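> Need a 3D model of the sequence below.
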Amino acid sequence: MSLESRGTVQGKAGLKQSRFIAVSTLEDSMAVRCGDFHPDGNFFAIGSNSKSLHICRTPDMTSISRTQHYAPPTVLARYPKHHKGSIYCLSWAPVGSLLATGSNDKTIKIIKVTEEEEPGHTVESVLPIHDGTVRDLCFLSGAGNPHLVSGGAGDCQVYVTDCTTSSVVQVKTGHSEHILSVFSWGEGSPIFVSGSQDKTIRFWDTRTKGCVQMVSYESRQQQGSLDLLSGSPVSSCCVDPSGRLLVSGHEDASCTLYDIRGHRFLQSFSVHSSDVRSVRLSPSSFYLLSTSYDRTVVLTDLQGNLTNPLPSLEVASHRDKVITGRWHPQQCSFLSTSADKTSTVWAIPDG
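Down below sits the predicted model:
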């Protein structure tokens, strides 16, 4: 059952009912930097500083109890030393058969994962196209050959790679500092965004050469009575499926909402006390999941007027910095990864 269909958030009072519990936790020998669910939700993958890639079965969440003891997830496949360095990011292709990982060894690996009871994999390609740490990846969901977008440290360029030929087909230039986040949305959309340490988010279209739109957080901006405070590097960004709302997380602990079609800032708000490392909208875009170096995961209600104060609640925490948060594609659940060497699947209990 989805979070939206449960109707757990009805203003601040209702939000307090949305207490997630840890359903299953996987422990690693080092910090777990990244994780995400397979598009059908049956599997999830995590990558860590130990250079290991794990593919796990998503636990059964049809009946969740606060008093039940939950075991670690079933690891379907473990690939130690998958990279020569730490795994900083990973992304599933929309069809689910390809999984890409990026590392501080400056390479991207694309593997083909079989969708069987015990998935196996074959390495499709190793891409040494970056001259620094690969910080983020996303697939474009258009028809034809799958394409992968990647960005990171070094030359400040965004690469678009044809996964069938393992060749770079486009190089996007414009950022002046490290790229920390890339994101794509919409079925068949050729547009994606990149967020950077240079305090900008740039919109790109694979049908054109240059940046098609830029949002700058370089300085405080006054818009009516709204004082935007996000003059800070963009550590994470995402866009709702309709392409109307841009959400960004920043190193100054703030989150910002931006109206893409109206070309205007809606508001900046702070629900964390340290760097916001991940922002993701729920499947129906009603809620924002944000994770932070302050060790917390926060749920913010985005229903209603987005220029008004937004109800929010801490829904999960770790013993150390929380690096990544990702929604399950269908269920009332999310995955978090942390510097405390764990990755946890969270869900709302029944009753």
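
> residue boundaries of the strands in the stretch 1-150 of the chain?
All strands of the stretch 1-150 of the chain, identified by DSSP state E, counting those that start in this stretch, fall at 21-27, 32-37, 43-48, 53-57, 75-79, 87-92, 98-103, 108-113, 121-127, 134-140, 147-152.

> between the ones you listed, which gets nearest to residue 292?
Among the strands of the stretch 1-150 of the chain, strand 32-37 comes nearest to residue 292, with 14.7 Å by Cβ to Cβ. Yep, even glycine has a C-beta here, placed from its N, CA and C like the rest.

> Give the other helices and strands that that closest one contacts.
When contacts are defined as 3 or more Cβ pairs under 8 Å, 6 or more residues apart in numbering; DSSP states H and E, strand 32-37 packs onto strand 43-48, strand 87-92, strand 322-327, strand 333-338, strand 342-347.

> now with 6 Å?
Here strand 32-37 is seen to pack against strand 43-48, strand 87-92, strand 322-327, strand 333-338 when contacts are counted using 3 or more Cβ pairs under 6 Å, 6 or more residues apart in numbering; DSSP states H and E.

> What strands flank it, and is each parallel or antiparallel?
Using DSSP bridges, the strands paired with strand 32-37 in its sheet are strand 43-48 (antiparallel).

> as a whole number, average confidence for the partner strand?
Average pLDDT, strand 43-48: 97.

> Next: stretch 278-297.
97.

> Stretch 319-332 too?
96.

> what's the burial count for residue 66?
10 (other Cβ atoms under 10 Å).

> Might one say that it is in contact with residue 347?
No. Between residue 66 and residue 347 there is no contact under Cβ atoms under 6 Å: 10.8 Å.

> Pull the contacting residues for residue 171.
Residue 171 makes contact with 157, 159, according to Cβ atoms under 6 Å, 6 or more residues apart in numbering.

> Tell me the spacing between it and residue 177.
Taking Cβ to Cβ, to the nearest Å as the measure, residue 171 falls 17 Å from residue 177.

> now do residue 343
For residue 343 relative to residue 177 (Cβ to Cβ), the value is 29 Å.

> Give me the more crowded residue out of those two.
residue 343 (30 against 13).

> of the helices and strands packed on strand 32-37, which approaches residue 296 most closely?
strand 322-327 (6.6 Å).

> So which elements touch the closest one?
By 3+ Cβ pairs under 6 Å, 6+ apart, strand 322-327 packs against strand 32-37, strand 276-281, strand 287-292, strand 333-338.

> Within its sheet, name the partner strands of that strand and how each one runs.
Strand 322-327 has these strand partners (DSSP bridges): strand 333-338 (antiparallel).

> Touching, residue 197 and residue 177? I think so.
Yes. Counting by Cβ under 6 Å, residue 197 does reach residue 177; the two are 3.9 Å apart.

> Do a quick rundown of the strands in the stretch 201-350 of the chain.
Assigned by DSSP E, counting those that start in this stretch, the strands in the stretch 201-350 of the chain fall at 211-216, 221-223, 226-228, 234-239, 245-250, 255-259, 264-269, 276-281, 287-292, 296-301, 312-317, 322-327, 333-338, 342-347.

> low pLDDT regions in the protein?
Applying pLDDT under 70 to the chain flags residues 1-18, 115-122, 142-143, 219-230, 351.

> if you set the cut-off to 80 instead, what comes out?
1-19, 66-69, 96, 114-124, 141-144, 218-231, 350-351 (pLDDT under 80).

> Now do the contacts for residue 342.
Contacts of residue 342 (Cβ under 6 Å, 6+ apart): 25, 27.

> again, only this time at 10 Å
Residue 342 makes contact with 22, 25-28, 31-32, 46, 48, 72, 318-320, 336 under the criterion Cβ atoms under 10 Å, 6 or more residues apart in numbering.

> got JSON lines for the residues you listed, with neighbour count and distance to residue 218 too?
Converted to JSON lines, these look like this (neighbours: other Cβ atoms under 10 Å; distance: Cβ to Cβ, whole Å):
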{"residue": "22", "neighbour count": "15", "distance to residue 218": "39"}
{"residue": "25", "neighbour count": "18", "distance to residue 218": "40"}
{"residue": "26", "neighbour count": "22", "distance to residue 218": "39"}
{"residue": "27", "neighbour count": "11", "distance to residue 218": "41"}
{"residue": "28", "neighbour count": "20", "distance to residue 218": "37"}
{"residue": "31", "neighbour count": "18", "distance to residue 218": "31"}
{"residue": "32", "neighbour count": "29", "distance to residue 218": "33"}
{"residue": "46", "neighbour count": "25", "distance to residue 218": "34"}
{"residue": "48", "neighbour count": "25", "distance to residue 218": "34"}
{"residue": "72", "neighbour count": "14", "distance to residue 218": "44"}
{"residue": "318", "neighbour count": "23", "distance to residue 218": "32"}
{"residue": "319", "neighbour count": "11", "distance to residue 218": "35"}
{"residue": "320", "neighbour count": "13", "distance to residue 218": "31"}
{"residue": "336", "neighbour count": "28", "distance to residue 218": "31"}
